[in-house]
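**Q** I need the structure of the sequence given here:
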Amino acid sequence: MDVIVENLTKSFGFQKAIDSVSFTVKKGEILGFLGPNGAGKTTTMKIMACFLQPDYGNIFFDKYSIHKNAYKIKQFIGYLPEHNPLYEEMNVIDFLNFIAKIHNIPNYKILSRVMDMIRMCGLENEKHKNIRELSKGYRQRVGLAQALIHDPEVLILDEPTTGLDPNQVIEIRELIKTIGREKTVIMSSHILAEIEATCNRVLILNKGKIMANGTSAELQSQSSTDKLLKIKIDGENSSDIYDELALIPEIKNIRTQADRQFEIRCERNAEIEKAIFTICCQKHWYIREITPIETRLEDIFRQVTQN
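**A** Below you'll find the model as predicted:
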């Protein structure tokens with residue numbers, strides 16, 4: 001199921017949480033939301049899940065509009081909010097059974113569906129425990145199970161790996177990627193590496209506006225007119241090498257990383273390698289390494305959210 005977001009705007013008092021946000025998510029795609037606190041990620045997700053009404057704009061799930069078909073849309077959305085609401089006095093099986101009934105799953109299918117979710121989300125050893133006895137990581141797994149139990153076509157996950165240990169993060173990441181092959185998935189995270197490892201496409205929000213939208217490769221190519229090089233030179237001391245490199249006009253910035261090892265920022269199209277080679281020949285220095293550094297998602301995030 002495709003999701004089309006058109007000019008979404010929402011204010012709380014005088015503060016505009018999201019401002020004319022538009023994007024599309026295709027079936028079989030995992031879209032990652034990134035942004036600093038207060039960027040508008042959670043507000044956008046709550047509107048997509050029909051828990052908030054926008055001041056302006058619309059969202060279409062195929063032909064269904066959130067303004068005219070909110071009840072219908074909720075039937076094929078699975079939603080895991082940032083603060084996972086669970087009935088702590090219930091055990092895991094009873095809670096998932098209760099959620100299945102809310103979603104009008106036929107009685108004869110409920111038990112098998114509940115057990116499928118328990119296996120899928122790694123809750124076999126916790127299924128008879130009351131939810132209040134579970135760790136934060138296992139509570140998050142229960143929240144993911146309740147979001148999946150009715151086999152939704154669209155999955156909206158707000159910080160799904162919060163509270164999980166590294167092994168659990170990898171398991172949930174693989175589960176999301178498996179689900180994303182057949183469904184539409186929108187997830188947010190503060191962990192940049194998690195978004196990069198899980199999502200097909202990244203959308204960066206800042207102050208309620210979309211600052212970047214594309215695959216990691218697309219964002220890297222669009223992010224800057226500069227290129228980064230890591231170089232290591234055997235010669236005299238680091239300060240002498242630094243001084244010589246600083247004379248190259250195309251170099252914008254030099255950062256010393258270790259003894260006679262530097263990170264250089266220069267214009268993307270500059271033939272900086274030739275200039276470095278010429279200096280080393282003149283000084284009888286030996287180039288140990290000269291390697292391009294790919295722009296990281298972290299660098300792109302900082303670039304578009306600090307302006």
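
**Q** what ranges do the strands span in this structure?
**A** Secondary structure of the chain by DSSP state E: the strands cover 3-12, 15-25, 30-34, 56-61, 64-65, 77-80, 154-158, 184-188, 201-206, 209-214, 226-234, 251-258, 261-267, 286-293.

**Q** Residue 123 is nearest to which of these?
**A** Shortest separation from residue 123 across these is recorded for strand 77-80, at 14.7 Å, computed as C-beta to C-beta. Every C-beta, even on glycine, is put in place using the N, C-alpha and C of the backbone.

**Q** What strands line up against that closest one, and which way round?
**A** For strand 77-80, the pairing partners within the sheet under DSSP bridges are strand 154-158 (parallel).

**Q** what about the stretch 201-307 of the chain, any weak spots by pLDDT?
**A** Segments of the stretch 201-307 of the chain classed as low confidence (criterion: pLDDT under 70) are 220-225, 295-296, 307.

**Q** rerun that using 90 as the cut-off
**A** 211-230, 233-246, 248-261, 263-275, 283-284, 286, 288-307 (pLDDT under 90).

**Q** Any chance of the backbone angles for residue 215?
**A** phi -70, psi 170 (degrees, to the nearest 10).

**Q** picking that back up, can you put the strands of the chain in a markdown table and add mean neighbour count and distance to residue 125?
**A** Rendered in a markdown table, the data for the strands of the chain read as follows (neighbours: other C-beta atoms under 10 Å; distance: least, C-beta to C-beta, whole Å):
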| stretch | mean neighbour count | distance to residue 125 |
| --- | --- | --- |
| strand 3-12 | 18 | 36 |
| strand 15-25 | 18 | 35 |
| strand 30-34 | 24 | 28 |
| strand 56-61 | 18 | 36 |
| strand 64-65 | 16 | 39 |
| strand 77-80 | 22 | 21 |
| strand 154-158 | 24 | 23 |
| strand 184-188 | 25 | 26 |
| strand 201-206 | 23 | 35 |
| strand 209-214 | 18 | 41 |
| strand 226-234 | 17 | 46 |
| strand 251-258 | 13 | 46 |
| strand 261-267 | 18 | 47 |
| strand 286-293 | 12 | 44 |
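
**Q** Below-threshold pLDDT in the stretch 51-200 of the chain: ranges please.
**A** The model of the stretch 51-200 of the chain has pLDDT under 90 over residues 82-85, 120-122, 135-138, 140-141, 159-176, 178-182, 189-197.

**Q** circling back to that earlier point, which one of the strands of the chain lies closest to residue 126?
**A** If you check each of the strands of the chain against residue 126 by C-beta to C-beta, strand 77-80 wins as the nearest, at 17.4 Å.

**Q** neighbouring contacts of the closest one?
**A** Taking C-beta atoms under 8 Å, 6 or more residues apart in numbering as the criterion, the residues outside strand 77-80 that touch it are 45, 48-51, 61, 143-144, 146-150, 152-158, 160.

**Q** This completes my enquiry, with thanks.
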